[in-house]
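Visitor: fold the stuff below for me.
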Amino acid sequence: QVQLVESGGGLVQAGGSLRLSCAASGRTFSTYPMGWFRQAPGKEREFVAAITWGRNTYYSDSAKGRFTISRDNAKNTVYLQMHSLKPDDTAVYYCATNAKRFTTIVEMSTEAYSYWGQGTQVTVSS
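Guide: Take a look at the predicted model:
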């Protein structure tokens, strides 16, 4: 059973930084893609960033240049480093993965991911 556990959220002032972590268990971590999504109150869950098993990365327009996704396969953990945070970044952040081993395709839709963490709250004050 795949399990994903996010951590690292919190309250930060605009312009600040946070690093989110997502620890995975239940299968071989290194050969599957990982993604970060977020959901603000009253809004749909949206794509933030993704990384393939080969470490190809892709970002949403809002994340590009400010956020960095990375993975440490030895620790079965994916990270989302966030800089220059804005109040609009306030949301619950989720990590996700799917069963597409060795895929080189970067998936940006929620439907492409079958395993989700419980989420971690990020609040950016103005």
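Visitor: and the residue most central in space within the chain, bridged to which residues?
Guide: For the chain, the residue nearest the mean C-alpha position is residue 36 (2.1 Å; C-alpha atoms, centre = their mean). On the basis of DSSP bridges, residue 36 is bridged to residue 49, residue 95.
Visitor: correct me, but it touches residue 46?
Guide: No - using C-beta atoms under 8 Å, residue 36 is not in contact with residue 46, being 10.2 Å away. C-beta: built from backbone N, CA, C; applies to glycine.
Visitor: which residues do these two both contact?
Guide: Taking C-beta atoms under 8 Å, 6 or more residues apart in numbering as the criterion, residue 36 and residue 46 do not both touch any residue.
Visitor: stretch 32-40 - what's its average pLDDT?
Guide: Computed over stretch 32-40, the mean pLDDT rounds to 97.
Visitor: which other residues reach that stretch?
Guide: Contacts for stretch 32-40 (C-beta under 8 Å, 6+ apart): 20, 22, 24, 45-53, 69, 71, 78, 80, 89-101, 103, 106-108, 110, 113, 119, 122.
Visitor: hang on, residue 21 in a strand?
Guide: Yes - with DSSP: H, G, I helix; E, B strand; the rest coil as the criterion, residue 21 is located in a strand.
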